[in-house]
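Asks: Next come a sequence and a model predicted from it.
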Amino acid sequence: MPMKTVSARALVRFQVVSAYLAIAPPRGERAQVLERLAAKPWSLPDGRPFLFRPETLRGWVRAYQRHGLEGLEDTPRARVGVGVLTPEQIEVICALKRQVPERSLDRVIQIAEELDKVPKGVLKRSTVHRVLKAHGLSKRPKGKASTADLDRFEAAWPNDLWQSDMRTGPYLPDPAKPGGRRRTWLSLFLDDHSRCILGAVWSFKSDRLPLMRAFR
């Protein structure tokens, strides 16, 4: 079985570990030995001298005792930023910006999450900015920006996104009070792509119940 390649950083750490193990200090003297080793300059892979803290050396000793040379290797960093995004998610971010160049970073994140294109909490402002910058979409549009179309968005396909809304209607005779009049309310669900009204209910109330009836 071929041996795994040991990094230069791990070899430097092994120097410290082997020096500690060669001394084999008893329990009451281990802290003093670590302090002496920490006061000694060690050579980095590029040859520069460097001092390490006793806590750092203690951690390397424990890592070597548990896992050998592999324990002295750098721990792989978790994927962060743009690296956590799939090509499809990156395209969603770019598409949202292309559709409305004035759209802010926060608005791009909000729409992407509402469409379930990106899990909530994954997108950060810095990540979206780097994506847009890499695709040449981070510059502000020339000329006076218009705020009339900031929230304009259309889902790609029917039934990708439904929106609910409630609008005021005309005053009609109040069935509970003869001679009285009450404002009416329209509760409805709208398909974002086709703009087709999927369900609607007129009511004298503007609470959740009419909206639930329209959804049903």
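Replies: Thanks, I have it. Numbers count the residues shown, from 1 in each chain.

Asks: Now Ile109: which helix or strand?
Replies: helix 105-114 (DSSP states H and E).

Asks: Counting by contacts, list what that helix packs against.
Replies: helix 87-99, helix 125-134 (3 or more Cβ pairs under 8 Å, 6 or more residues apart in numbering; DSSP states H and E). All C-beta spots, glycine's among them, are computed from the backbone N, C-alpha and C.

Asks: for that helix, which positions count as buried?
Replies: For helix 105-114, a neighbour-count test (16 or more other Cβ atoms under 10 Å) marks Leu105, Arg107, Val108, Ile109, Gln110, Ile111, Ala112 as buried.

Asks: close enough to count as contact, the last one and Leu123?
Replies: Yes. Taking Cβ atoms under 8 Å as the contact criterion, Ala112 and Leu123 are neighbours in contact, 6.3 Å apart.

Asks: separation between Thr184 and Pro45?
Replies: 77 Å (Cβ to Cβ, to the nearest Å).

Asks: Neighbour count: the two, which is higher?
Replies: Thr184 (16 against 11; other Cβ atoms under 10 Å).

Asks: Could you report the separation of the more buried one from Ala200?
Replies: To Ala200, Thr184 is 12 Å away according to Cβ to Cβ.

Asks: cool, and Gly136?
Replies: Note on Gly136: its distance to Ala200, by Cβ to Cβ, is 43 Å.

Asks: swap in Ala155?
Replies: 20 Å.

Asks: same thing with Asp106?
Replies: 32 Å.

Asks: Repeat that for Pro41.
Replies: Distance from Pro41 to Ala200, by Cβ to Cβ: 78 Å.

Asks: higher neighbour count, those two?
Replies: Ranked by neighbour count (other Cβ under 10 Å), Pro41 and Ala200 place Ala200 first, with 15 against 10.

Asks: Looks to me like the more buried one is in a strand.
Replies: Yes. With DSSP: H, G, I helix; E, B strand; the rest coil as the criterion, Ala200 is part of a strand.
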